[in-house]
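S.K.: Let's see this in three dimensions:
(one chain, ligands or ions: 2)
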Amino acid sequence: MRHPSLIPLSHDHHHGLALALRCRKQALGQIKPMGMEGLKTRAEEFARFFTDNLVPHFEAEEKVLFPLLRSYGDESVPLIEELLKDHEQMRKSVALLSDEKKLGKLLYDLGDLLERHIRREERELFPIFEKQVTPDGAEAVKKEFDKILNRPER
Ligand SMILES: [Fe+2]
Ligand SMILES: [Fe+2]
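M.R.: Ligands and ions are numbered 1, 2, ... in the order given. The predicted structure follows:
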């Protein structure tokens, strides 16, 4: 079971996986409306999710979760380096979503990257937190997440 402090992040991950699948299907022409109209709709949906959820989500990971995990030792360091590169790649790609050129490929690749990124965090990173975190650490993380994520009370 997920550690309670990580639930807001896992909640975003759950929605992110569904969106990632829609982006890939849209790019493959498996969801209506087909063609540019559908691609644009999906691009807008991704851009909205990015602004509303992933911007604060990445901030919570980069400012709170990753530094805490690094403080536990070297185990998570190479993984965090890769995850940070993914964040940068997604920030760059989202900036291109308003451009119609190669939108299908861009959406497919974004969906693919978001899904792989989320699965690595859920399968590789979160277990390190769950193994190492102390009750005080968990409480501090929860408070910091609440400030950054600014989500309604759960
Ligand atoms: Fe992340
Ligand atoms: Fe995440």
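S.K.: what about L19, how many residues close to it?
M.R.: Residues lying near L19 (other C-beta atoms under 10 Å) number 22. Placement of C-beta: from N, CA and C, glycine included.
S.K.: So which residues of this structure form helices?
M.R.: 7-27, 35-49, 55-60, 66-71, 77-94, 103-120, 126-132, 135-149 (DSSP state H).
S.K.: Let me have these in CSV, extended by mean pLDDT.
M.R.: CSV is the format used below for the helices of the chain (pLDDT from 0 to 100):
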stretch, mean pLDDT
helix 7-27, 97
helix 35-49, 96
helix 55-60, 98
helix 66-71, 96
helix 77-94, 98
helix 103-120, 98
helix 126-132, 96
helix 135-149, 95
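S.K.: now the ones you listed in TSV, with distance to M1?
M.R.: Compiled in TSV, the helices of the chain are given as follows (distance: least, C-beta to C-beta, whole Å):
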stretch	distance to M1
helix 7-27	10
helix 35-49	26
helix 55-60	20
helix 66-71	19
helix 77-94	22
helix 103-120	18
helix 126-132	9
helix 135-149	14
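S.K.: Identify the residues contacting I148.
M.R.: 56, 59-60, 63-64 (C-beta atoms under 8 Å, 6 or more residues apart in numbering).
S.K.: Give the buried residues for stretch 10-23.
M.R.: 11-13, 16-17, 19-20, 22-23 (16 or more other C-beta atoms under 10 Å).
S.K.: likewise stretch 29-46?
M.R.: Applying 16+ other C-beta under 10 Å to stretch 29-46 flags 31, 38-40, 42-43, 45-46 as buried.
S.K.: same thing with stretch 86-96?
M.R.: Applying 16+ other C-beta under 10 Å to stretch 86-96 flags 86-87, 90, 93-94 as buried.
S.K.: ok, back up a step: whichever of the contacts of I148 end up buried, select them in PyMOL.
M.R.: Command for PyMOL that selects the buried part of those, burial taken from 16+ other C-beta under 10 Å:
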select buried, resi 56+60+64
